[in-house]
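The following block contains a protein sequence and its predicted model.
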Amino acid sequence: MRAWPVLCAVGLACVLVACGGDASDSGGRADSTAAVVENPNAPGVHQVGPNQYEVVIQVSEGSYLPSEIHVPVGAEITFRVRSTDIPHGFLIDGAGVKLSPVPEEYREATHVFDRVGVYNFHCDEYCGGSHELMKGRIIAE
């Protein structure tokens, strides 16, 4: 039974590889040194360069995904917004950003939030019975 230590070592190596093999897991925090975004179309905030971010938002009847967005003050933010069902609106109050997202096509606008604050956004094109639920906020910090 001299093979079992070798089998245990191989098994442990497989477990480490499958689990990432590193005890310094970031716990889901973004790595500011990462150069590649795995899925640039995934909803959320993605750093794409020094002080440059893309915010990808999916719009569907009654909701925005994500509906709460945190961005750094002074950063260049490109909003990429796409509808998953019908045409909608996307208006950020007080920021001059207005888009008309449609299915299968991203609409884009770039903005810099120059002061700390909460900026509300909503659907400004009537889109049906859940239109009044279509709201969110951007927290510039």
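Cool, got the structure.

From residue 83, how far out is the residue nearest in space to the middle of the chain?
What sits nearest the mean C-alpha location of the chain, by CA atoms, centre = their mean, is residue 44, with 0.7 Å. Using CB to CB, to the nearest Å, residue 44 is found at 17 Å from residue 83. Quick note: C-beta positions are derived from backbone N, CA and C, even for glycine.

again with residue 128
Residue 128 is 12 Å from residue 83, by CB to CB.

what about the two, which has more around it?
Under the neighbour definition other CB atoms under 10 Å, residue 128 and residue 83 were set side by side, and residue 83 has more, 23 against 12.

quick one, strands of this structure?
Secondary structure of the chain by DSSP state E: the strands cover 44-49, 52-60, 63-65, 68-71, 76-83, 90-92, 97-99, 107-112, 117-122, 135-140.

Adjacent strands (with direction) for the fourth one?
Meaning strand 68-71. strand 135-140 (parallel) (DSSP bridges).

Any chance you could list what contacts the strand it pairs with?
Applying CB atoms under 8 Å, 6 or more residues apart in numbering, the external contacts of strand 135-140 come out as 64, 66-73, 92, 113, 115-123.

which regions of this structure lie under the pLDDT threshold?
1-37 (pLDDT under 70).

Kindly recompute the last result at 50.
Along the chain, the model assigns pLDDT under 50 to residues 1, 3-35.

In TSV: the strands of the chain, plus distance to residue 38.
What follows is the strands of the chain, written out as TSV (distance: least, CB to CB, whole Å):
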stretch	distance to residue 38
strand 44-49	9
strand 52-60	13
strand 63-65	18
strand 68-71	19
strand 76-83	16
strand 90-92	25
strand 97-99	25
strand 107-112	20
strand 117-122	26
strand 135-140	23
